[in-house]
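1. sequence unknown, structure follows:
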């Protein structure tokens, strides 16, 4: 196990991103290669879950595109990731909000952290 950790520490470059958790609305900017060209695309949505630890950490984002829900899983150390912006912090009571998939309309709103409870 120490060998795996050694290889990860030595050869995988760590990127610094802001802290976020389930319920937060974030925008992820990532690079797409189309033939010889590269362009930056963004994906804005609500974080449903964070999974894993260290360099193998992944997070799932969900957004509504019309009437269809779109989810995308991003590894935190994906080389194509350029930056992550935290747009708003949500107040949820669970670490993985899978119930969010079944909610539609006004029920799918998450309370803002600045309005709820003690700070």
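-> Nice, thanks for sending it over. None of the values given here were measured: they were computed from a predicted structure.
2. after the helix or strand residue 64 falls within, next one along is what?
-> Assigned by DSSP states H and E, residue 64 belongs to strand 58-65. Using DSSP H and E, the helix or strand that follows strand 58-65 in sequence is strand 68-75.
3. Would you mark the buried spots in stretch 34-53?
-> 45-50 (16 or more other C-beta atoms under 10 Å). Glycine gets a C-beta too; all of them are placed from N, C-alpha and C.
4. The nearest residue to residue 89 once chain neighbours are set aside and residue 64, how far apart?
-> Leaving out its chain neighbours, the residue that sits closest to residue 89 by C-beta to C-beta, 6 or more residues apart in numbering is residue 113, at 4.1 Å. For residue 113, the distance to residue 64 (C-beta to C-beta, to the nearest Å) stands at 21 Å.
5. So which elements touch whichever strand in the chain runs longest?
-> In the chain, ranked by residue count with DSSP state E as the criterion, the top strand is strand 37-51. Under the contact criterion of 3 or more C-beta pairs under 8 Å, 6 or more residues apart in numbering; DSSP states H and E, strand 37-51 touches strand 25-34, strand 58-65, strand 68-75.
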